[in-house]
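> Please work out how this folds:
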Amino acid sequence: MQQSQLGRPAFNRAFTNAVVPSPTEQPPRPSPVTPAPRPQTATMHVKRITLTSKKNLEMDEEEETNNSINSFSSSEETAVDPAYHYNHGADDQHHHHHHTDHKRHESPPPSPIYNPPRHPTSIFSFPTPTAYSAPPNPTASISPCARGSASELFKCVVKKPDVIQLEINDEMHSNASDVTVQFLAELRVYTTLSRHRNICAFLGSLENVGMVLEYLEGRTLYDVVVARPELTKKQKIDYHNQLLDGLTHLHSYRLSHGDLSLLNVHVTIPTNTIKLLDFGRSVSADSIYAHPEDEPLDPFDSLHRKSNAPPQKLPIPKFEQIHPGTRPFSAPEILRGECQDPRLADAYSFGMILVCLDRCESVDVKPWDQRKDLLPKDFFNGCQIFEERARGYLKKFHDGRTPLRKEDMIGIVS
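Have a look, this model is predicted:
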């Protein structure tokens, strides 16, 4: 990507998928008997991309064998410019070295080079990276809404980037950078985690559109908490256990939720299953965190690193910004720009949800008090089940806040 393109408006797109020969030149035609040998100077494996009716990309046999089901792999699995090392929003913990063999010399010429433009929709532009494709048997845990003689129908949700441009005082402002960061963060979660009953299912990506998610029939946890009659003790404990199970599964991959609140938790009908969703503010526990008031980080920085940079024995650290989530669930250290462990910040949000769940009502804390780790004196009034647990989760992060642990689930007495 040329430096001169950085100032273009967010909606401008400029990339070429084909190399056009001059009028006086005839494109080289490979021999019908012996394919042209691959150049020996190439240092990066450029893959052949084939669009089919069954799968977005046709992978090489050796890549398909090595590709882990739950990995969030680099888009070296797409046709890329050898001048760049692409890494779609994730930290690559393992570097795979591709060795040249006789099979590579027998393959046809590579497809045109793909250079994604700096725009949110480029995440889903053709060719869709295999890292964003559907997991094996993506509808395994979903019931069809209808069946035909040769097919099954499923409801789903398509989530696409929504870029807005505003002109303020003759200056153009756009949310394109933030939209890109959120979609890359959410894709990292959905393509890294293994399936879990308490996390919304990821069904893949649609080229030039967005990501496809499970359709959830139900209500937000806010609607469930404020409804009357109040929840029973058994229901409260069940929701506590399901939330803890889903969050600890997420944390086991060293990823945080980042915006845990009553509105970002769904309760399905009729099974009363908790579903976590909206991971756009998720960050990795292995990243270096920038202050949220700093200049926005380049969301495509990791997509355009030079491949000829000196080899690194350890993964290059990723810089991420931690933005405040929904009030009053956002942790005080995030409001102050001092967060050191995003998973402990999730524990604070979980403690807030427990108070709402126990009191069966929404709660609030003045933002200036919350920044100072202060809670109202009557904050725990009405708590009958989770007060002690909530107090542990709502401690200061450097003063022994309780982390989320799966073994802390409560046994339900029938």
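> which parts of stretch 256-264 are buried?
256-262, 264 (16 or more other Cβ atoms under 10 Å). In short, each C-beta sits where N, CA and C put it, glycine included.
> let me redo that: stretch 387-401
387, 389-395, 397, 401.
> That stretch: end-to-end distance?
According to Cα to Cα, to the nearest Å, stretch 387-401 extends 14 Å from its N-terminal end residue to its C-terminal end residue.
> Contacts for that stretch next, please.
Under the criterion Cβ atoms under 8 Å, 6 or more residues apart in numbering, residues 331-333, 339-341, 344-345, 347-348, 350-352, 354-355, 358, 373, 375, 380, 383, 402, 408 lie in contact with stretch 387-401.
> Mind giving me the PyMOL command for buried ones among the residues you listed?
Of those, the buried ones go into a single PyMOL selection, burial set by 16+ other Cβ under 10 Å:
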select buried, resi 331+332+333+339+341+344+345+347+348+350+351+352+354+355+358+373+375+380+383+402
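> Inside helices: which ones of the contacts of stretch 387-401?
Residues of the contacts of stretch 387-401 located in helices (DSSP state H): 332-333, 344-345, 347-348, 350-352, 354-355, 358.
> with these in mind, which one is nearest to S122?
For S122, the nearest member of these is A345. The distance, counting by Cβ to Cβ, is 30.1 Å.
> mind saving the C-alpha coords of stretch 150-169 as CSV?
Taking Å, rounded to 0.1, in the frame of the first residue of the first chain, the C-alpha atoms of stretch 150-169 are listed here in CSV:
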residue,chain,number,x,y,z
ALA,A,150,-32.6,-32.1,-0.2
SER,A,151,-31.7,-29.3,2.2
GLU,A,152,-32.0,-27.8,5.6
LEU,A,153,-32.8,-24.1,6.3
PHE,A,154,-31.2,-22.2,9.2
LYS,A,155,-31.8,-18.7,10.5
CYS,A,156,-28.7,-16.6,10.9
VAL,A,157,-27.5,-13.0,11.5
VAL,A,158,-25.2,-11.2,9.0
LYS,A,159,-23.0,-8.6,10.7
LYS,A,160,-21.5,-6.1,8.2
PRO,A,161,-19.3,-3.0,8.7
ASP,A,162,-21.3,0.2,8.9
VAL,A,163,-19.0,3.1,8.0
ILE,A,164,-20.3,6.7,8.7
GLN,A,165,-18.7,9.9,7.4
LEU,A,166,-19.5,13.3,8.8
GLU,A,167,-18.3,16.7,7.7
ILE,A,168,-17.7,18.9,10.8
ASN,A,169,-16.3,22.4,10.3
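> Now do that stretch, average pLDDT.
Along stretch 150-169, the predicted local confidence has a mean pLDDT of 90.
> shift numbering so it begins at 263
Got it, first residue is 263 now, which makes that one stretch 412-431.
> in that stretch, what's buried?
In stretch 412-431, the ones that count as buried by 16+ other Cβ under 10 Å are 418, 421, 423, 425.
> quick check, nearest of the residues you listed to S405?
Using Cβ to Cβ, C418 is the member of those that lies nearest S405, at 12.6 Å.
> Show the backbone phi and psi for that closest one.
Dihedral angles of C418 (phi, psi; degrees, to the nearest 10) stand at phi -150, psi 170.
> Ok, A408 next?
phi -160, psi 160.
> which ones are touching the nearest residue to it once chain neighbours are set aside?
The spatial neighbour of A408 that comes closest, neighbours along the chain excluded (Cβ to Cβ, 6 or more residues apart in numbering), is L415 at 4.2 Å. By Cβ under 8 Å, 6+ apart, the residues touching L415 are 406-409.
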